[in-house]
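K.L.:
coordinates only, sequence not included:
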Ligand SMILES: Cc1ncc(C[n+]2csc(CCOP(=O)(O)OP(=O)(O)O)c2C)c(N)n1
Ligand code: SF4
Ligand SMILES: [Mg+2]
């Protein structure tokens, strides 16, 4: 595998965003993942979301662990710094980085092995610390990169490609995140772009820990007909809570809904996520209902997708730790070093 | 009856039950002697336990400034009947035993001077609160010592006033407790003790502090804005020192917000990951840990090495292997640190020998990490980290500027044709880096632990990867020129015998060298302060036919490093090893050297 740069030749009539950029400007290197891999659709959705939000790519940091999913940051946002760290430890890198400079947008990309097994401790603590980041779990129920072992998000009744049965129940990351205090939790499907893109946009605008658990089928190891993370299975069992529509700051909500059918979540930056209810009666700001909905749908053999829970007013880690508004990495020596004069008192106290 | 006679030169040991509040009284005793102008080296010998087990506090008082541990106890303050047996055994002939004679006792030794004071009885009579009755026994024996050593009692009254500043109600009963012991001794022990403390001026320019305290302060001075850590003895107080000093020195005026982030991580893997993340993003960040933490951090340390992310790691070493002796000292993480992580890795180590140097090396560590874009580990040990040392005052030169290393600004990038994160532009093996978010369309790159080329692109081309590995070796060479040079005990080598030592061994070694000098044995000595070894180290080794390497570990880890890195023939390197968890002593070193020179091999401790 070598690095392939994409030729950038702009089509004069390509659509541009507020920054005058086209979608191509948000792309990354050519993907080396298997053709049809769900992870590539997620990368495309990230590109779309960033394009639509006119995000300045260089103000984004893309962080990941190890796995096919964790390679994905190479395939979007070429102008962003990326950090492909070690297996399961992206959250700690993100925590340090975000404390050093809270002004960047942090996108963490992980897999189900990366987050639900080796890195579950870091996942948990990152969520409970309310780190301001968008955390993507590209969930395929398998270890893609090491060739198809079961992961901890694989469902109990599911069988591997080779007929082995999964003996243990699945870890549900969204329920865990809600319990831990994550303030934006959604599940989606790599094959449902209409749902995914607005959710990504809203997650990126949300201040606090945003989890996107995205079912992302592995065509090579977990797309067979006894898998519960295959394209077909998810299409059949997907139960979307709502049809999300992202409304940026200052725009009118134009779509009209029947009363009682839509609700809105106002995000930190002034934009709005408007949700047209499709299935269950739900209130995305109620933790208990959110967890109940997830459990019920699990019991009924459904995969519940959409915005599960949001608390737009939650404090993030920077606020909790009372850190200066000036990013720590820009503080000068003058602002940091107490100098010789302060040492006198310190020395005197130690005599 | 034989009585030890001495002025300003003795060892006193307090035996207590841990959790009984004795620590602060013992500390106060040591500080009182220090304030009398005599250097002290208090050492806390404590169990890995919170309450109920025996604990000791040993103070060496030495006007000449010898601060290493010395065998044999001159005064024993035995407040724990559980450990009487051991405490009596250690007491030198003619020594003094102070004990609570509320329960009388025969200690079965004719050659010691027993000074019994019914502390419990006295405190029960004086105080009504049961907690106070227990607690104030401690200050009671401090009062006894002030009397028999003929110290200025007012020093302790001042210390009590300082300690309870803000809690004034506590001053009076504490002073009373001190007085109880003092007047009892004045009445009953007059002329019984021939050890004295006379006022002196040998602490001028000195402070009394621990390496951890100093290193934490050094991180504040070194510009660290980020610390992530996971509690582990003996490093915990280093992180806490950083936090405490930051709370005082790093609050933004006007907003009261913190110019630092302090995170207790969920484990050491997270602690080092956060540290790397912060440094990657241009903040100076560090973590502090001990041996078990280094083991856990190893995967990440390899990433920081290979992806060339600065990071500062303090390892306050304790007794290993495994959980080992968490509350005892050793220098046994040298190899684990020098070569931490899988694959070919080598790291920069700084090895301070006293708290002042801990302060200086903390600052230096951040400069080196930024300059070299690599992990820098500062190795303390429990003795240096947790015990108070009489050390030189901290000093800071206001004209000093942080060295943030090769970081490209937006302007730099504007003027550049092409940026390659891992290009060796200057030929020193150190490439240029950019912080995320600097420039709209230049300077972005992908940091990764996978094999990469000069442009940080993934590659499976073996030659490219080998090139990167070779460049890292060049950088390592550069590191050897930048790290602190060794300290020599002589201007020029004049002997064929050399001694190599490092870290907290320094205090005992100075005494050993004086003792050898008195015996007219001419030896040269060199204190190592860093790894990789610089040229001066190799020259010293080259210049001597026989070298003693003094270490506080079992395997002669520094000797192994010297052999491995310099291809030095093992025959001329003789190990002197101490690994019982107690700080090494001068006489131990001297005896080993003498034994070897007189034909008895000193290879095995
Ligand atoms: C410490 C460590 N152990 C094991 C591995 C091997 N490994 C690489 S990726 C992976 C699993 C990845 O699974 P997941 O996170 O679900 O990503 P996917 O490939 O499925 O997208 C494993 C076990 C590793 N890189 N590091
Ligand atoms: S192995 Fe699976 S997860 Fe990995 S790239 Fe292929 S399809 Fe995607
Ligand atoms: Mg997976």
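P.N.:
Perfect, thanks for sending it. What you see is a predicted model, and the numbers here were worked out from it, not measured in a lab. Residues are numbered from 1 along each chain as shown, chains lettered A, B, ... in the order given. Ligands and ions are numbered 1, 2, ... in the order given.

K.L.:
the strands in the stretch 151-300 of chain B, which residues?
P.N.:
B:195-196, B:206-210, B:226-229, B:261-264, B:285-289 (DSSP state E, counting those that start in this stretch).

K.L.:
got it, and the stretch 51-200 of chain A?
P.N.:
Going by DSSP E, counting those that start in this stretch, the stretch 51-200 of chain A shows strands at A:60-64, A:81-84, A:105-111, A:133-139, A:142-143, A:149-150, A:184-189.

K.L.:
and the third one, what does it pack against?
P.N.:
With contacts defined as 3 or more Cβ pairs under 8 Å, 6 or more residues apart in numbering or on different chains; DSSP states H and E, strand A:105-111 has these neighbours: strand A:60-64, helix A:68-71, helix A:90-100, strand A:133-139. Just so you know, the C-beta spots here come from the backbone N, C-alpha and C atoms, and that holds for glycine as well.

K.L.:
hmm, it in reach of ligand 1?
P.N.:
Yes - Strand A:105-111 reaches ligand 1 (Cβ under 6 Å from any ligand atom) through residue A:111.

K.L.:
which strands border that strand, and is each parallel or antiparallel?
P.N.:
strand A:60-64 (parallel), strand A:133-139 (parallel) (DSSP bridges).

K.L.:
for residue 66, report the pLDDT, please.
P.N.:
With no chain named, the answer covers chain A. Predicted confidence (pLDDT) for residue A:66: 98.

K.L.:
nope, chain B
P.N.:
96.

K.L.:
residue B:510 is in contact with that one, correct?
P.N.:
Yes - taking contacts as Cβ atoms under 8 Å, residue B:66 lies within contact range of residue B:510: 6.8 Å.

K.L.:
what's the offset of the longest helix that chain A contains from the middle of its chain?
P.N.:
Across chain A, the helix with the greatest residue count (assigned by DSSP state H) is helix A:38-52. Taking Cα atoms, centre = their mean, to the nearest Å, one finds the center of helix A:38-52 at 11 Å from the center of the full chain.

K.L.:
tell me the angle it makes with strand A:184-189.
P.N.:
Angle, helix A:38-52 to strand A:184-189, by axes from the mean of the first three to the mean of the last three Cα atoms, to 10 degrees: 130 degrees.

K.L.:
quick one, helices of the stretch 51-200 of chain B?
P.N.:
B:84-90, B:119-126, B:130-148, B:153-163, B:171-188 (DSSP state H, counting those that start in this stretch).

K.L.:
ok, residue B:19 touching residue B:46?
P.N.:
No - between residue B:19 and residue B:46 there is no contact under Cβ under 8 Å: 10.3 Å.

K.L.:
and residue A:244, what pLDDT?
P.N.:
On the pLDDT scale, residue A:244 gets 86.

K.L.:
list the contacts of it.
P.N.:
When contacts are counted by Cβ atoms under 8 Å, 6 or more residues apart in numbering or on different chains, residue A:244 is found next to A:195, A:198, A:199, A:202, A:273, A:274, A:275, A:276, A:306, A:307.

K.L.:
so it sits in a strand?
P.N.:
Yes - judged by DSSP: H, G, I helix; E, B strand; the rest coil, residue A:244 forms part of a strand.

K.L.:
list the contacts for the closest residue in space to it that isn't next to it in sequence?
P.N.:
Spatial nearest neighbour of residue A:244, excluding adjacent residues (Cβ to Cβ, 6 or more residues apart in numbering or on different chains): residue A:198 at 4.3 Å. Residues in contact with residue A:198 (Cβ under 8 Å, 6+ apart) are A:244, A:245, A:246, A:273.

K.L.:
what distance do you get for residue A:198 to residue B:551?
P.N.:
63 Å (Cβ to Cβ, to the nearest Å).

K.L.:
what does residue A:189 give?
P.N.:
60 Å.

K.L.:
pLDDT weak spots in the stretch 1-150 of chain A?
P.N.:
For the stretch 1-150 of chain A, applying pLDDT under 70 flags the ranges A:1-12.

K.L.:
hmm, 90 instead?
P.N.:
A:1-14 (pLDDT under 90).

K.L.:
ok and the residue in it nearest ligand 3?
P.N.:
Ligand 3 sits closest to residue A:111 of the stretch 1-150 of chain A, with a gap of 3.9 Å, by Cβ to the ion.

K.L.:
so what's the residue count around that residue?
P.N.:
35 (other Cβ atoms under 10 Å in any protein chain shown).

K.L.:
got it, and residue B:165?
P.N.:
Residue B:165 has 9 nearby residues by other Cβ under 10 Å.

K.L.:
check what pLDDT it gets.
P.N.:
92.

K.L.:
do the same with residue B:601
P.N.:
For residue B:601, the predicted pLDDT is 57.

K.L.:
cool, the one 3 residues further on as well?
P.N.:
Per-residue confidence for residue B:604 comes out at a pLDDT of 43.

K.L.:
equivalent analysis for residue A:298, please.
P.N.:
90.

K.L.:
so it is in which element?
P.N.:
Assessed by DSSP states H and E, residue A:298 sits inside helix A:287-299.

K.L.:
got a list of what residue A:173 touches?
P.N.:
A:112, A:115, A:116, A:123, A:137, A:139, A:153, A:211, A:213.

K.L.:
ok, now residue A:243?
P.N.:
So, once contact is read as Cβ under 8 Å, 6+ apart, residue A:243 ends up touching A:194, A:195, A:275, A:276, A:278, A:306.

K.L.:
what bridges to the closest residue to ligand 2 within chain B?
P.N.:
Chain B approaches ligand 2 most closely through residue B:458 (14.6 Å), counting by Cβ to the nearest ligand atom. Note on residue B:458: beta-bridge partners by DSSP bridges are residue B:452.

K.L.:
rewinding a little: export the helices of the stretch 51-200 of chain B as TSV, with columns for mean neighbour count.
P.N.:
TSV is the format used below for the helices of the stretch 51-200 of chain B (neighbours: other Cβ atoms under 10 Å in any protein chain shown):
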stretch	mean neighbour count
helix B:84-90	16
helix B:119-126	18
helix B:130-148	23
helix B:153-163	17
helix B:171-188	19
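
K.L.:
how about the residues of the stretch 101-250 of chain A by chain B?
P.N.:
A:101, A:103, A:104, A:121, A:122, A:124, A:125, A:129 (Cβ under 8 Å from any Cβ of the partner chain).

K.L.:
all strands of the stretch 1-150 of chain B, in order?
P.N.:
Under DSSP E, counting those that start in this stretch, the stretch 1-150 of chain B gives strands at B:6-7, B:9-17, B:40-45, B:54-62, B:73-78, B:91-100, B:113-117.

K.L.:
mean neighbour count, the ones you listed: which tops it?
P.N.:
With neighbours defined as mean count of other Cβ atoms under 10 Å in any protein chain shown, the strands of the stretch 1-150 of chain B peak in mean count at strand B:73-78, which reaches a mean of 25.

K.L.:
now for it, which elements pack on it?
P.N.:
strand B:9-17, helix B:84-90, strand B:91-100, helix B:130-148.

K.L.:
next, the angle from that strand to helix B:130-148.
P.N.:
160 degrees.

K.L.:
quick one: strands adjacent to strand B:73-78?
P.N.:
Partners of strand B:73-78 in its sheet, by DSSP bridges: strand B:9-17 (parallel), strand B:91-100 (parallel).

K.L.:
picking that back up, okay if I get the helices and strands packed on strand A:105-111 as a markdown table plus distance to ligand 1 and mean neighbour count?
P.N.:
Listed next are these as a markdown table, based on distance: least, Cβ to the nearest ligand atom, whole Å; neighbours: other Cβ atoms under 10 Å in any protein chain shown:
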| stretch | distance to ligand 1 | mean neighbour count |
| --- | --- | --- |
| strand A:60-64 | 9 | 28 |
| helix A:68-71 | 3 | 28 |
| helix A:90-100 | 10 | 31 |
| strand A:133-139 | 6 | 29 |
